[in-house]
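K.L.:
My questions concern the predicted model and sequence given below.
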Amino acid sequence: MTTTGLATQLDELRERLRLGGAVVLSGAGLSTESGIPDYRGPTGAQRTNSPMTYQEFVGSPAGRHRYWARSFLGWAQMAEARPNAGHRAVAELQQLGVLDGIITQNVDGLHQAAGAHGVIELHGGLDVVVCLECGKREARRTLDGRLRVLNPDFHARATRVNPDGDAEIADDQLDGFVMARCRYCDADLVKPDVVFFGENVPKPRVEACYALVENARSLVVLGSSLTVMSGLRFVRRAAKLGIDVTIVNQGETRGDPLADRKLELPLGDSLTALADALR
C-alpha cells in the first residue's frame, strides 16, 4: 500500500475513534518496542524452543523444572520492561474517552503500567503465580525472592527471553537449579497465573470479552498476528455483527480478510499520532 493510502486509512481510523465506543485487542507486537520479542513477527522467528504446554507442565516434573529454571532468568528482563509509546498512547486514548475497553493477549502488564485501567488480560499475567494443588496465589516478586535464596549460585545465561517470560538456555545449564514449592501447601505444582498453550481461557473471561466486542462501535487490533483462535474469534464476531474492524500490524494476520482496513505501520508512532490528533 502507498504512503498516501496508509495516511488515508489512518485518517479513517482517527475518525472512527472520534465516534467513541472502540475496543482495543492487543498482541505481542505492541510490546516489541519495550524490548520483549513477539511470537510470530520478525523477532518471534528467532525462537528456538517450543512454548511450554499445560499438559507438559502438569504431567512432567522434569518439564516443570526446565520451565522454572528458564523463567527464573526470564522474569528479570520481563520485570524491567517499561511501557513504550504505543502503550502510553492506548492509555491516553482511554483517558480521552474514545475506548470502551482494552483486551490484551499479552501477559507483561505493560498496559496497566502505562496507566490503562480495566484491562482484560485474556491470557492472565506473569505478576502472579498459582498453586495447582491448593489454588492459592502468590505475587511473582515474592516467589522470585524465594528462588533467589534457593539459587544463589545459579548463573546460567539466557540467549533470548520470549513474550511469555520463558528464557532460552542450554539444557546443560539446568543442573543445580532448585524449584520453589508452594508456600502454603508445599506442593511443587506452582504455575504462573497465565494460560499456557493447550489450556483454555476461563469461560467468564471469554464472555466478558465477547460482551465488550458486541457492544463496540469498532474493534482495533494492535500488534497481533491472530494466529491462534483465542484472539481471532473476537475479530470474527465483530465482522459477523458488522462492527468496523481495523488491524494495525506489521505483517500478515489471519484476520486480514475480515478487516475494514489494515495498516502496516509502527505502532508507537502511529498510535501517538492518533492520540495527538484526538487530544
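P.N.:
Thanks, I have it.
K.L.:
From now on I want contacts and neighbour counts done on CA atoms only, so please keep to that.
P.N.:
Will do.
K.L.:
May I see the buried residues of stretch 157-176?
P.N.:
For stretch 157-176, a neighbour-count test (16 or more other CA atoms under 10 Å) marks 158, 160-169, 173-174 as buried.
K.L.:
Can you tell me which helices and strands the longest strand that the chain contains packs against?
P.N.:
Using DSSP state E to define each element, the chain has its longest strand at strand 124-131. Strand 124-131 makes packing contacts with strand 137-139, helix 140-150, strand 190-194 when contacts are defined by 3 or more CA pairs under 8 Å, 6 or more residues apart in numbering; DSSP states H and E.
K.L.:
who wins for proximity to V213 among these?
P.N.:
Closest to V213 of the helices and strands packed on strand 124-131 is strand 190-194 (CA to CA; 22.1 Å).
K.L.:
who's in contact with the most centrally placed residue in the chain?
P.N.:
Centroid check for the chain by CA atoms, centre = their mean gives N106 as the closest residue, at 0.8 Å. N106 sits next to 26-28, 121-125, 163 when contact means CA atoms under 8 Å, 6 or more residues apart in numbering.
K.L.:
Let me have the buried residues of stretch 157-176 in TSV, adding secondary structure, pLDDT and distance to V235 as columns.
P.N.:
Converted to TSV, the buried residues of stretch 157-176 look like this (DSSP: H, G, I helix; E, B strand; the rest coil; pLDDT from 0 to 100; distance: CA to CA, whole Å):
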residue	secondary structure	pLDDT	distance to V235
A158	coil	73	36
R160	strand	76	31
V161	strand	80	29
N162	coil	81	25
P163	coil	76	22
D164	coil	79	23
G165	coil	80	26
D166	coil	82	28
A167	strand	84	31
E168	strand	85	32
I169	coil	82	36
Q173	helix	83	42
L174	coil	86	41
